[in-house]
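Asks: Fold the following for me, if possible:
(one chain, ligands or ions: 1)
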Amino acid sequence: MKYCFGPVPSRRLGLSLGVDILPLKTCNLNCVYCELGSTKKYTCERNEYIPAGHIRAELEEVLCSEKTAFDVLTFTASGEPTLHTGLGELLAFAKGHTDKPLAVITNSTLLSDSQVREELCHADILLPSLDSVVLDSFRRINRPAKCVDLKSILDGLIKLRKEFKGKIWLEVLFVRGINHGTDEIRGLKEILKSIQPDKIQLNTVVRPPVESWANPLSKRQMEELKEQLGEKAEVVVDYRHSMEKGVQPILEAEILDTLLRRPLSIEDLQEILGLGAESVQEVLNRMYSSGLIKTEAFNNKLYYLPGDRAGV
Ligand code: SF4
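Replies: Numbering: from 1, shown residues only. The predicted structure is shown next:
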């Protein structure tokens, strides 16, 4: 299959059958946490980047196959799916071939375009993202192309809520030290009153980001943000799974968060994290080399503390 992939288990959507409708990294943002690498085609121009007929043919084959069991058909892209001019037509086509809900993951940048909003009305669930309403942080995290305007994004999201009858699950992805301060959250809460999403899904950097300095928040920090953002907010990061899998950025965030409260030895950290000495030592060595932590000896024992580059 060239355009369809999965089904893959998704924490946000269940068993998701994906449709990727763009060539790799065609986007109008260049997010520091992007797991697809740097943006190659940096554009706001809508176009039929891949012939819609080719995608339609494959979709028909996949959706007509009784073997394909899934919960949601998700339109996504190796970039921003609303840049494809055939999105509306493809959604309408899929609607005619499955009873399962259709979802679209979007970076929200083109929602101010009434044509895009009209096309998206064929979907059942929209997952737009909004990482910051503060211009400086938006630029630092999402690194928009010149044609992208934050105010238009916010207007587009508000208009979308008025026109779209399905579910809107807004995603906010937090990067340590950038978009989780008091002003950020206050601004976000204010705009959320107008956007009125059905869910606010809080995420952080759990997959290898394009910029190695883009770090995740700890579980405690994410839970605090959830409390601040109210009852519609949920944390969609699977911390336990990430810890068990030894996902480095999550382990680093957890270690840093713990060390901010008190200095700890490697034995203490092993106990808290439930991991073996070797795994913990490996992460500590990396964090030490990058200045995230430092050490101090006390009573012949080595303790770890947040370093100068902890940036929390
Ligand atoms: S919007 Fe999505 S595809 Fe585009 S740079 Fe950001 S994370 Fe990557």
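
Asks: Give me the nearest residue to Ile200, chain neighbours excluded.
Replies: Ala233 (4.3 Å; C-beta to C-beta, 6 or more residues apart in numbering). (C-beta placed from N, C-alpha, C; glycine too.)

Asks: Do I have it right that the one you found meets Pro197?
Replies: No: with contact defined as C-beta atoms under 8 Å, Ala233 does not reach Pro197; the gap is 9.6 Å.

Asks: Counting neighbours, go ahead and name the busier of the two.
Replies: Taking neighbours as other C-beta atoms under 10 Å, Ala233 and Pro197 compare with Pro197 leading, 22 against 19.

Asks: Work out for me the element the more buried one sits within.
Replies: Using DSSP states H and E, Pro197 maps to neither a helix nor a strand.

Asks: Identify the residue nearest it in space, chain neighbours excluded?
Replies: In space, and not counting its chain neighbours, Pro197 is closest to Leu170: 3.9 Å by C-beta to C-beta, 6+ apart.

Asks: Give me the mean pLDDT for the helix or strand in which that neighbour is found.
Replies: Assigned by DSSP H and E, Leu170 belongs to strand 167-174. The pLDDT scores in strand 167-174 average 98.

Asks: now swap in stretch 274-294 and tell me
Replies: Mean pLDDT, stretch 274-294: 87.

Asks: how about it: buried residues?
Replies: Neighbour counts using 16 or more other C-beta atoms under 10 Å place Leu275, Val280, Val283, Leu284, Met287, Leu292, Ile293, Lys294 of stretch 274-294 among the buried residues.

Asks: Could you verify my assumption that the fourth one touches Ile266?
Replies: Yes: distance between Leu284 and Ile266: 6.7 Å, which falls inside the contact criterion (C-beta under 8 Å).

Asks: shared neighbours, those two?
Replies: Residues touching both Leu284 and Ile266 by C-beta atoms under 8 Å, 6 or more residues apart in numbering: Tyr304.

Asks: quick one: least confident helix or strand in the chain?
Replies: helix 239-244 (a mean of 70; mean pLDDT, DSSP states H and E).

Asks: Just the CA trace of whichever helix or strand Glu118 is part of, in CSV.
Replies: Using DSSP H and E, Glu118 sits within helix 114-120. Only the C-alpha atoms of helix 114-120 are listed here, as CSV (Å, rounded to 0.1, in the frame of the first residue of the first chain):
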residue,chain,number,x,y,z
SER,A,114,-13.8,28.8,4.2
GLN,A,115,-13.2,26.3,1.4
VAL,A,116,-11.0,24.2,3.7
ARG,A,117,-13.6,24.3,6.5
GLU,A,118,-16.3,23.3,4.1
GLU,A,119,-14.2,20.3,3.0
LEU,A,120,-13.6,19.3,6.5
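
Asks: How about that helix, which residues are buried there?
Replies: Val116, Arg117, Glu119, Leu120.

Asks: rounded to a whole number, what's the mean pLDDT of it?
Replies: Here the average pLDDT along helix 114-120 is 98.

Asks: Quick one: list the elements packing against that helix.
Replies: On a contact count with 3 or more C-beta pairs under 8 Å, 6 or more residues apart in numbering; DSSP states H and E, helix 114-120 meets helix 87-95, helix 150-163.
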